[in-house]
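> Next input, structure requested:
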Amino acid sequence: MPPCTKRGPYRNGLSRLVWKNLTGLHRALSSAPSNTFGMNWNADCELGLIAQASPRSNVLTSSGKPSQKSGGCALPPVSSSDRVHIVTWNVGSALPPDDITSLFGPHAGDGSTDMFIIGLQEVNSMINKRLKDALFTDQWSELCMDTLSRFGYVLVTSQRMQGVLLLVFSKFCHLPFLRGLQTEKTRTGLGGYWGNKGGVSARMTMFGHPVCFLNCHLPAHMRNLEQRMEDFGSILQQQQFEGGTASGVLDHDVVFWFGDLNFRIEDYDIHVVKSAIDSNKLPLLWERDQLNIAKNSESILDGFLEGPLKFPPTYKFDVGTHTYDTSSKKRKPAWTDRILWRLRCTGSPVPTHNAALQRGLTSWLGGATKVVQHSYRSHMGYTCSDHKPVSAVFSLHFPFKVDLPLVTLEYVKEWTKVSDATVRFTVMSNFQRSSWDWVAIYKVGFKHHKDYVTYVWAKADHGSQVGYKVTFTEEDLPRDEGEYILGFYSNNMNTIIGVTSPFQIHVPVHSPTAPPVCRSDSSDVSSEDDSTLVLLAPASSRSPSPGKRKHHHRRSRSPAHSNTPMPSLQGLSLHPRPLEGLPSSRSPCSAAKKERLVSPQDTLPSPISPLTPRSPVSPGGGVSAPEALIAAILGEHRQTQVTPTGGRSPGKTGETSL
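Numbering: from 1, shown residues only. So this is what the prediction gives:
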């Protein structure tokens, strides 16, 4: 919609003609029922597409700022956009460097970016590493969370298939508007039986618009161009999502496709390629780039766009140097690491059950979603891999935004006494509650939805549809003064669907009870090298368990482990041993980074879900050595499902998700 030049008694500065046409559509919208995007049209909203909350609820809008409106709806600003920063890197089985902050741009900490998407390939998948990574958070994920959580970004979802890893981060204030999260994976190695090659994806609706992120590792070598195209087609065909209108990857309004796509430079020999790089004649090489050629001849690539390659080829380098391959193989430099995007031919319709009204209103609001690329570059300073990382920054311009949270939290903005720790919340009429929903207190800078200070069950068996209430006891409240936020976690949707803006908690502690102590494992060394021992030790869950009927729970920020002797796994004895020269855990508590984020496949949205309590492993129970080794080899794990009575039953077998 073009900016309105005439202002006056018409809302939001709309001209008389535009307002007349839009209010004509309002009558139909007022009678339209609730829709799949979670929006409610009513007679009090004058054609509002962004619903703002009342100031007393202090709920965040998509910009991350509390709403100042007294209620009602307002049209979205014309320049409304969301910035997405994508990184792809083939890490070559290397350990992560100490600092990767520069991958996220010079302005990572200023809040100008809304989401960070990280796609890695060739993460170490040797059996011993895969065994630990399948059970606990891997080092690369931990480093990314440690880095981005400092800037206020939270891990939304993740998916791993052997060495292919996808991580999705977002500003915490956007969490309620990222819905319908699902992940998929497709193996293409060894004819589809091995996951060293293939693709992993994460899809969601961002403010009501379906968006998909696809991280691929395609076959290598110059001669395998046809196989690369065939594998990409298999990935697109096999990855199907449930629910909503976007069932396939290409059905989404926006698709970002990135990874080690392994396209090479044809015809020129290695000397010509290196000479063109040294003389900065990169356009000469663009013409013979296999992906650029294929976009003109392969129908499967129709619609995919890419910015100009103004950086040197990112493959292949001698590890530890900035020198292209000098080994006996002398691989020719190539742009193997790429980031592309694709827009669906028709944009998202405005949510309504009237097809003609959809078309008319979508047209008035500016038509389809638009994508603008701001940068496309390599990061040549990293030398731990034979590939260089590549990043790109995009702005997504949506014609409208679904910006109404399903749950609104009301609270005192500063907690100075125990009586302040009461939270009231209201829910949308079309939101399905669960007895296992919970309200948690998060320290500003939390990493993911389980990284809370404490929580209280938000049971559905009390209160009314108009409003509910939960109360934190003195025992629940954090001991450290500082900024915190409240988050409402939906068990059905498997994600946070309501958050508040940051507020202060500094309640004097009158109880002599000492604060929880963060305890590490017996060796107290690197959490990566003895993490298997933590699985075997008795531990309490840091996430709510439906099996616990107690209403209030106090949890330390990491699992506390007992000092009981370590049991053996069916004849496999495990003993901690100190390792020299290894860095200490990046997190304050070494045990905290060992906890894996489990992904139940039977719940569709976010693959991150609360862990069930761990129990001591006894012969014939828990995770056996053969099961763990099989999981490591196949890149799979046997999941468990929490029953309403708190028991555990076998779940589906699927890829490990963080």
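> Show me where the stretch 101-250 of the chain dips below the pLDDT cut-off.
Applying pLDDT under 70 to the stretch 101-250 of the chain flags residues 130, 133-135.
> where along it do the helices fall?
With DSSP state H, counting those that start in this stretch as the criterion, the stretch 101-250 of the chain has helices at 127-135, 139-149, 225-238.
> ok, and the residue nearest to Gly92 when sequence neighbours are not counted, which helix or strand is that part of?
Leaving aside its sequence neighbours, Gly92 sits nearest to Ser385 (CB to CB, 6 or more residues apart in numbering; 3.7 Å). Glycine gets a C-beta too; all of them are placed from N, C-alpha and C. Using DSSP states H and E, no element contains Ser385; it sits outside every helix and strand.
> Buried residues of stretch 296-307, list them for me.
Judged by neighbour count (16 or more other CB atoms under 10 Å), stretch 296-307 contains these buried residues: 298, 301, 304, 306-307.
> Next up, the contacts around Tyr489.
437-440, 449, 455, 495-497, 610 (CB atoms under 8 Å, 6 or more residues apart in numbering).
> Return the member of those residues nearest to Leu148.
Checking the contacts of Tyr489 against Leu148 by CB to CB gives His449 as the nearest, at 14.7 Å.
> ok, the closest one to Phe169 distance?
Per CB to CB, to the nearest Å, His449 is found 12 Å from Phe169.
> For the two, indicate the residue with more neighbours.
Between His449 and Phe169, counted using other CB atoms under 10 Å, Phe169 has the larger neighbour count: 28 against 24.
> got a list of what that one touches?
Phe169 is in contact with 115-118, 144, 148, 153-156, counting by CB under 8 Å, 6+ apart.
> and with 7 Å instead?
Phe169 makes contact with 115-116, 148, 153-156, according to CB atoms under 7 Å, 6 or more residues apart in numbering.
> picking up where we left off before, narrow the buried residues of stretch 296-307 to those in strands?
Residues of those located in strands (DSSP state E): Phe304.
> Let me know the closest of the buried residues of stretch 296-307 to Ser201.
Out of the buried residues of stretch 296-307, the member with the shortest distance to Ser201 (by CB to CB) is Phe304, at 15.0 Å.
> Is that closest one in contact with Ile339, as I believe?
No: using CB atoms under 7 Å, Phe304 is not in contact with Ile339; the gap is 10.7 Å.
> before we move on, the earlier item: just tell me which of the helices of the stretch 101-250 of the chain ends up closest to Thr205.
Nearest to Thr205, of all these, is helix 225-238, at 19.8 Å by CB to CB.
> quick check: angle from the helix or strand following the closest one to helix 225-238?
Sequence-wise, the next helix or strand downstream of helix 225-238 (DSSP H and E) is strand 254-260. Here the directions of strand 254-260 and helix 225-238 differ by 140 degrees (axes from the mean of the first three to the mean of the last three CA atoms, to 10 degrees).
> Sketch out the low-pLDDT regions of this protein for me.
For the chain, residues meeting the criterion pLDDT under 70 lie at 1-80, 130, 133-135, 346-367, 460-466, 509-658.
> Would you map out the domains in this protein?
82-397, 407-505 (the TED database).
> so how far is Asp269 from the residue lying closest to Leu148 once chain neighbours are set aside?
Leaving aside its chain neighbours, Leu148 sits nearest to Phe169 (5.1 Å; criterion: CB to CB, 6+ apart). In this view, Phe169 and Asp269 are 42 Å apart by CB to CB.
> ok, now Pro389?
According to CB to CB, Pro389 and Asp269 sit 27 Å apart.
> Mind checking which of those two has more residues around it?
For Pro389 versus Asp269, neighbours defined as other CB under 10 Å are more numerous around Pro389 (23 against 11).
> Quick one: residues contacting that one.
Going by CB under 7 Å, 6+ apart, Pro389 touches 87-89, 103, 378-379, 382.
> Identify the bridge partners of the closest residue to it other than its chain neighbours.
In space, and not counting its chain neighbours, Pro389 is closest to Trp89: 3.7 Å by CB to CB, 6+ apart. Going by DSSP bridges, Trp89 is paired in beta bridges with Leu120.
> ok so, going back, if you look at the buried residues of stretch 296-307, which of them are in helices?
If you go by DSSP state H, the buried residues of stretch 296-307 have nothing in helices.
> closest to Val211 among the buried residues of stretch 296-307?
Phe304 (15.2 Å).
> That closest one and Cys173: what is the separation?
Between Phe304 and Cys173 the distance is 31 Å, computed by CB to CB.
> what do you get for Lys185?
From Lys185 to Cys173 the distance is 29 Å (CB to CB).
> And for Leu309?
35 Å.
> of these two, who's got more company?
Neighbours of Leu309 and Cys173, each counted by other CB under 10 Å, are more numerous for Cys173; the result is 24 against 20.
> Thanks a lot, see you next time.
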